[in-house]
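K.L.:
what's the 3D shape of this:
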Amino acid sequence: MEAAAPTAAAQPSPLRRTRHLLDRLGDRALFGLTALAALLALLTVAAIIWQVISKAEPAVRHWGIAFLWHSTWNPVTNVYGAREYLIGTLVTSFGAVLIAAPLSIAIGLFLSELAPPAIRGPVGSLVDMLAAVPSVVFGLWGIYVLLPFIAKIEPGLHTGLGWIPIFGRANPAGAGVFPAILVLSIMATPITSSICRELFASVPNDLEEAAIGLGATRWEMVRGVVVPQVRGGVVAAIILGLGRALGEAIAVTQVIGNGVPVKLSIFQPGSSLASQLANQYSSQISPLSVSSLIYLALILLVITFVANLVAQSIVHRFDTVRMS
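P.N.:
As a prediction, this is how the structure comes out:
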């Protein structure tokens, strides 16, 4: 009996060609557009830095680093120093973060973990809408609503907490560092809370349900599972809110009182780098005064960059610890 002749193995049919020349051109165009956008961003930042440094160079050469701790700002005698404005910026910005950070984290946790679905969307949208309110509107609200309220409560705060130096003598007009801190905290809260909400919502549900299944309360689940998973991002969100507070000029100018020197009491008028720039730039006439003002802008730019570098370092550290 003859063996059957082996049949030739069926050859697989070639795959259809689905990518055409236009697809390849589209890929390259997408790469080029995105690379151009990134390059434009870098060039814009570089141009801003170069312009600020070049305009501030005469004041930097004239005053040197001593400009940071000299307190006199007198256009008549052409003597300038940044100490009072630097102190006012740090006090108002970090004071705002002390209020905005826990408030933003609480809002993010409520909207992502605790709020019923029926109110989660509306409340989240209303909080996000605060970020779209112009700063001049916050300033006007501060003048007509916040300052009269502050003027009423400051005497009581001084009576009860006057033994703490920062709660010293009240200002009858209401304007001062304290209302500036409150306004900045309101302005920093929307962006920080929005990022915190997205971070908390990104935690896998399996981890949360596993913690609840093991007997953890909701608070223990939040503290032991949710927050550790995203703490690096939360720190970055807080630093981003700090950057919002550092650079605000108009709203702060309207409520801070624009007084120097900055007093120890937060109820007294003060000033900041941004408010001084907004107040004085149009009235400066000598080249040295203009350059000194831009020197203030350079200091503010450096502070903002340092804050962002610190935020990136903290985020990287938390990510490294979590992965290890």
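
K.L.:
could I get the average pLDDT for stretch 54-68?
P.N.:
Per-residue pLDDT over stretch 54-68 has a mean of 88.

K.L.:
check stretch 137-146 too.
P.N.:
89.

K.L.:
what does it contact?
P.N.:
174, 179, 182, 183, 186, 187, 250, 251, 252, 253, 254, 255 (CB atoms under 8 Å, 6 or more residues apart in numbering). To be clear about C-beta, it is placed using only N, CA and C from the backbone, and glycine gets the same treatment.

K.L.:
let me know the closest of the residues you listed to residue 237.
P.N.:
residue 187 (14.4 Å; CB to CB).

K.L.:
ok, now how distant is the closest one from residue 236?
P.N.:
18 Å (CB to CB, to the nearest Å).

K.L.:
returning to that earlier point: most neighbours among the contacts of stretch 137-146, which one?
P.N.:
residue 252 (35 neighbours; other CB atoms under 10 Å).

K.L.:
mind listing what that one touches?
P.N.:
92, 139, 180, 183, 184, 272, 274, 275.

K.L.:
buried stuff in the strand or helix carrying residue 189?
P.N.:
For residue 189, the host element (DSSP states H and E) is helix 177-201. Neighbour-count burial for helix 177-201, counted by 16 or more other CB atoms under 10 Å, picks out 177-197, 199-200.

K.L.:
any idea of the mean pLDDT in stretch 234-253?
P.N.:
Here the average pLDDT along stretch 234-253 is 85.

K.L.:
my bad, stretch 165-175
P.N.:
Per-residue scores along stretch 165-175 average to 78.

K.L.:
any idea how far residue 130 is from residue 137?
P.N.:
10 Å.

K.L.:
out of these two, which sits in the more crowded spot?
P.N.:
Each of residue 137 and residue 130 has its neighbours counted (other CB under 10 Å); residue 130 has more, 16 against 11.

K.L.:
can you check the pLDDT for that one?
P.N.:
84.

K.L.:
and for residue 323?
P.N.:
60.

K.L.:
go on, residue 18?
P.N.:
61.

K.L.:
quick one: the helices in the stretch 151-300 of the chain?
P.N.:
Taking DSSP state H, counting those that start in this stretch, the helices of the stretch 151-300 of the chain run over residues 177-201, 205-213, 218-221, 227-247, 250-255, 273-280, 287-323.

K.L.:
give me the phi and psi angles of residue 79.
P.N.:
Main-chain dihedrals, residue 79, degrees, to the nearest 10: phi -120, psi 130.

K.L.:
whoops, I mixed them up, residue 81
P.N.:
The phi/psi pair for residue 81 (degrees, to the nearest 10) is phi -150, psi 160.

K.L.:
go on, residue 74?
P.N.:
phi -130, psi 100.
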